[in-house]
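Trainee: sequence plus predicted model, see below.
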Protein chains: 2
Amino acid sequence: MKYARFGGRLVIVGFGSIGQGVLPLILRHIDLDPAKITIVTAEDRGRDIAREYDIRFIKEPLTRENYRRVLGPLLSTGDFLLNVSVDVSSLALIEFCRDRDVLYLDTCIEPWVGGYTDTTLSPSLRSNYAYREEALKLRRPEGAATAVITHGANPGLVSHFLKQALLNLARDTGLEVSKPAGRADWGELMRKLSVKVVHVAERDTQVPNTPKKVGEFVNTWSIEGFVGEGCQPSELGWGSHEKTFPPDGGRHEFGSGSAIYLNRPGASTRVRTWTPIEGPFHGFLITHGEAISIADYFSVVDGKKVLFRPTVHYAYHPCDDAVLSLHELAGKNWHMQPNKRLLTDDIVGGIDELGVLLMGHAKGAYWYGSQLSTAEARGLCPHNNATSLQVTISVLAAMVWAIENPRAGVIEPEELDFERILGICMPYLGPVVGAYSDWTPLRDRGQLFPEDIDNADPWQFKNFRIV
Amino acid sequence: MKYARFGGRLVIVGFGSIGQGVLPLILRHIDLDPAKITIVTAEDRGRDIAREYDIRFIKEPLTRENYRRVLGPLLSTGDFLLNVSVDVSSLALIEFCRDRDVLYLDTCIEPWVGGYTDTTLSPSLRSNYAYREEALKLRRPEGAATAVITHGANPGLVSHFLKQALLNLARDTGLEVSKPAGRADWGELMRKLSVKVVHVAERDTQVPNTPKKVGEFVNTWSIEGFVGEGCQPSELGWGSHEKTFPPDGGRHEFGSGSAIYLNRPGASTRVRTWTPIEGPFHGFLITHGEAISIADYFSVVDGKKVLFRPTVHYAYHPCDDAVLSLHELAGKNWHMQPNKRLLTDDIVGGIDELGVLLMGHAKGAYWYGSQLSTAEARGLCPHNNATSLQVTISVLAAMVWAIENPRAGVIEPEELDFERILGICMPYLGPVVGAYSDWTPLRDRGQLFPEDIDNADPWQFKNFRIV
Ligand SMILES: NC(=O)c1ccc[n+]([C@@H]2O[C@H](COP(=O)([O-])OP(=O)(O)OC[C@H]3O[C@@H](n4cnc5c(N)ncnc54)[C@H](O)[C@@H]3O)[C@@H](O)[C@H]2O)c1
Ligand SMILES: NC(=O)c1ccc[n+]([C@@H]2O[C@H](COP(=O)([O-])OP(=O)(O)OC[C@H]3O[C@@H](n4cnc5c(N)ncnc54)[C@H](O)[C@@H]3O)[C@@H](O)[C@H]2O)c1
């Protein structure tokens, strides 16, 4: 079924796991002319898939120097730029598109190559918080072509899960609510429900047929992307209920104030979390756009005073081989392994359990999200694994939204119509479940050894963190 | 070739990976009557292998209540008890053997089942330090039958590697030495060479043909044994050069004073270390007998005053699937996985790189040890992988030593004749290499983020530790 008609040209920048996975969804669900699609990417990866669909494939890595020259002839008013590359500045492309009235969609806010680990910048300045502030500065009061930022699975889809989860929680706790009209209402709802902490809690159990080799980084999605964000500082939306500022924490000297960072790579920062199938586990507190934008969006403020804000962060258990890859990478002091393997056809089992975990409310903890298996993902759409399909269907949904809302300017997931997005995504997410739990990060703590925990409030960040 | 004749009976308690692996070595290298061997174990595991060699197999788990009754008829003066079980008290068996003039050998000091995580005991009292003190108390001035404790690969073989490494280091730095005669001399030699830190640095790269499943603990040797010691406090010999006592450290109120402990499980404590093939990596600071006995043996003392002592500890990278298993176990707050898999025939590649890493001396860092592959191990002796063969050949060597020295009483690896032991072990260890390195735990540190390090002395424990 077609969700939208698009008459312009479409340029897809980058054609890795997400580009390859989203192409069949675009062709299936958007009424457009495939001859008007162009892929611009850095390597031959995916050339066979482009050929399968008869899509023009240009191998030319974009750089600070060449992007205007390369993209210029390919994009003008009414066209669409879908950025699913690594190492290409989102900010540069957003400006480029704005100046040309070209629709834009990105799944993160990416710097030019090396930006995530540019130590001439302070940790604060190489944070996603800083990138977001820069992106929001590109907003124009007079309006501009829609540029959806950070809209994959997470960041992206999870912000819509969160709204649905809040409504479910209201229903299940007997709170009468009408659907919130905007950010102030959503913040009020979250506050009324006493949600203190939101994790994006993800457990990827996908396994390949051949084990990880020494010196190989293995993952179910972009390895450069993951290593890049893993080497950025840990970042989290910093809730109004928090009593103890992290000893290694830092506050930004600019911007919304919704988030803080830790002076350490997310790839070395672990936290306790929970998903329905896995139960309790340790995830990595990798920085992600949603930790910052959700905390900001759901803040209840009175002028400059923050009356309520949730603590929000990612708690990510990537596939087992990626956990090993991070361990090896840390052992080499963040010098990248010589080899990389992005798992696709070699996956022999496993699921990606990805959702939001709302904590601190009357019913304790509530997880809402997708439990998609690779097997089911393959059946639903070619060239996808479980991880990529959760991203690509959300990209597709946001493309539809952008086509339907072409003059929204720079816009974040929380500002999109969550029901429209979820409606498009649902058929591709496998089981989407909500599950309550009496789990808290204090369960089974302090048994073998004394631990420094706050028993008075289980939902303190200090209690989640692994030290 | 036969290294010794033994006319008595031999009882092997436990018949897991080590028992099964050592049996063919005993039959090959000790001149004894197989009809005089009895296996006493808790399960059917290994029954087929016992049958292959025509060895009597009794399935009867030993307990506090039954061990005298079960073992009584099997052992009297001049016999040998080889303990390679889990969950059976070494102390109980040592006393039992001493009272009967039975030779004894153990690869660790094991408590009765549950002892390692008995939280009615303080961390200090469930440490290997405490178990060692108890074992040493069983010494009798009047002499007794030999009871070799903690003599596998590590603890065990590595203490002999260390002596050889010290002599190599003396040779390579032009220090004229005659072979030390006893512990005081060995301590003096280490001190003269300015060795400050000794790691038992091990990287196991063995991989199976099928990946670890969720809820499965996978390892290349005893899973109970590893989980048991992994849940004990981290322990380390505490060197005289250390400036900063660990914030979570504890000192014992009894005994030699050679070691300290950390108030946390070793399975959650990581340190930087180095081996020649792997290069730098993160290992787990799991408690081990050798950390305590080496630090004690090589101390230079003047009455009660410690003039010199090295920092000594294990820095263990178990096979990749075991790293994942620990990560999962920690995620469940040390509640054991429902399933276990001890890798044997399903290993498809990898090596066990196990040695001692001597640091702080004139040439920086020196690793000396074995780089044995599974493939080579299998060729050398049936029913072994790389990990087990390093253990079993050392068990065999110490059995030979005990037969040759039957009245040594309770005795530790450092007190055995290292050349005799190494001579027997060498043909089974694959490449045994010494390698110098300019690696220090400060290499590449503090690049992405500021780190709290001691730049004045790279060899401080604080610099090795991952926080
Ligand atoms: N929000 C989410 O849920 C989510 C999930 C997965 C991926 N992502 C993001 O999507 C992006 C793509 O992920 P992926 O898994 O497809 O990555 P990938 O590593 O599989 O592919 C990256 C692609 O970018 C191309 N590329 C690299 N340098 C380029 C350059 N200079 N110019 C043009 N193309 C270039 C590569 O050739 C490759 O085709 C990444 O930024 C990643 O962080 C977001
Ligand atoms: N020093 C070293 O280098 C080293 C290395 C490996 C193992 N070890 C030690 O050797 C021992 C054996 O290791 P493994 O890998 O063979 O272990 P394993 O788990 O493979 O086997 C343990 C054996 O003990 C038996 N057992 C369990 N409970 C028993 C009981 N109550 N009575 C009698 N037998 C019982 C089991 O049936 C099994 O046969 C462990 O204590 C381990 O810590 C030491």
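Mentor: Structure's in. What do you need? Residues are numbered from 1 along each chain as shown, chains lettered A, B, ... in the order given. Ligands and ions are numbered 1, 2, ... in the order given.
Trainee: residue contacts, the closest residue to ligand 2 within chain A?
Mentor: Proximity of chain A to ligand 2 (CB to the nearest ligand atom) peaks at residue A:448, 18.6 Å away. Glycine gets a C-beta too; all of them are placed from N, C-alpha and C. Residues in contact with residue A:448 (CB atoms under 8 Å, 6 or more residues apart in numbering or on different chains) are B:117, B:119, B:231, B:265, B:334.
Trainee: over to residue A:306?
Mentor: Residues near residue A:306 by CB under 8 Å, 6+ apart: A:240, A:257, A:299, A:300.
Trainee: over to residue A:89?
Mentor: Residues in contact with residue A:89, defined by CB under 8 Å, 6+ apart, are A:64, A:110, A:111, A:112, A:115.
Trainee: in stretch A:308-319, what's buried?
Mentor: Buried positions in stretch A:308-319, judged by neighbour count with 16 or more other CB atoms under 10 Å in any protein chain shown: A:308, A:309, A:310, A:311, A:312, A:313, A:314, A:315, A:316, A:317, A:318, A:319.
Trainee: any regions of the stretch 201-350 of chain A where pLDDT drops low?
Mentor: Along the stretch 201-350 of chain A, the model assigns pLDDT under 70 to no residue.
Trainee: and it, which of its residues are near ligand 1?
Mentor: A:221, A:222, A:224, A:225, A:342 (CB under 6 Å from any ligand atom).
Trainee: what number of residues lie near residue A:335?
Mentor: Residue A:335: 12 surrounding residues under other CB atoms under 10 Å in any protein chain shown.
Trainee: next one: residue A:178
Mentor: Applying other CB under 10 Å, I find that residue A:178 has 7 neighbouring residues.
Trainee: how far away is the residue in chain A that ligand 1 sits nearest to from residue B:274?
Mentor: Closest approach between chain A and ligand 1, counting by CB to the nearest ligand atom: residue A:16, at 1.8 Å. For residue A:16, the distance to residue B:274 equals 34 Å [CB to CB, to the nearest Å].
Trainee: also residue A:309?
Mentor: To residue B:274, residue A:309 is 45 Å away according to CB to CB.
Trainee: repeat that for residue A:241.
Mentor: 44 Å.
Trainee: the two: which is more packed in?
Mentor: Neighbour count, other CB under 10 Å: between residue A:241 and residue B:274, residue B:274 has more, with 24 against 17.
Trainee: is that one located within a strand, as I assumed?
Mentor: Yes: checked against DSSP: H, G, I helix; E, B strand; the rest coil, residue B:274 lies within a strand.
Trainee: my guess is it contacts residue B:201, does it?
Mentor: Yes: between residue B:274 and residue B:201 a contact is recorded at 6.3 Å, counting by CB atoms under 8 Å.
Trainee: shared neighbours of those two, anything?
Mentor: Any residue near both residue B:274 and residue B:201 by CB under 8 Å, 6+ apart counts here, and that gives B:357, B:367.
Trainee: show me the helices in the stretch 351-467 of chain A, by range?
Mentor: A:374-380, A:386-404, A:418-425, A:461-464 (DSSP state H, counting those that start in this stretch).
Trainee: nearest to residue B:92, out of these?
Mentor: With CB to CB as the criterion, residue B:92 lies closest to helix A:461-464 of these, at 41.0 Å.
Trainee: dump the closest one to CSV, restricted to CA.
Mentor: Only the C-alpha atoms of helix A:461-464 are listed here, as CSV (Å, rounded to 0.1, in the frame of the first residue of the first chain):
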residue,chain,number,x,y,z
PHE,A,461,20.7,7.5,38.6
LYS,A,462,23.3,6.4,41.1
ASN,A,463,21.4,3.2,41.7
PHE,A,464,21.3,2.3,38.0
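Trainee: contact partners of that helix?
Mentor: With contacts defined as CB under 8 Å, 6+ apart, helix A:461-464 is touched by A:197, A:236, A:239, A:242, A:244, A:246, A:271-273, A:311, A:315, A:440-442, A:445, A:452-454, A:457.
Trainee: now, of those residues, which are buried?
Mentor: Buried by 16+ other CB under 10 Å: A:197, A:236, A:239, A:242, A:246, A:271-273, A:311, A:315, A:440-442, A:445, out of those.
Trainee: CSV for those, including distance to chain B?
Mentor: Below are these laid out as CSV (distance: CB to the nearest CB, whole Å):
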residue, distance to chain B
A:197, 18
A:236, 16
A:239, 23
A:242, 21
A:246, 13
A:271, 11
A:272, 8
A:273, 9
A:311, 20
A:315, 11
A:440, 12
A:441, 10
A:442, 10
A:445, 7
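Trainee: okay if I get these as a markdown table plus distance to ligand 2?
Mentor: A markdown table is the format used below for the buried ones among the contacts of helix A:461-464 (distance: CB to the nearest ligand atom, whole Å):
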| residue | distance to ligand 2 |
| --- | --- |
| A:197 | 40 |
| A:236 | 40 |
| A:239 | 45 |
| A:242 | 43 |
| A:246 | 38 |
| A:271 | 32 |
| A:272 | 29 |
| A:273 | 32 |
| A:311 | 42 |
| A:315 | 33 |
| A:440 | 34 |
| A:441 | 32 |
| A:442 | 32 |
| A:445 | 27 |
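Trainee: tabulate those residues (CSV), appending distance to residue A:290.
Mentor: Conversion of the buried ones among the contacts of helix A:461-464 to CSV gives the following (distance: CB to CB, whole Å):
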residue, distance to residue A:290
A:197, 14
A:236, 11
A:239, 15
A:242, 18
A:246, 20
A:271, 15
A:272, 19
A:273, 15
A:311, 13
A:315, 12
A:440, 23
A:441, 20
A:442, 25
A:445, 27
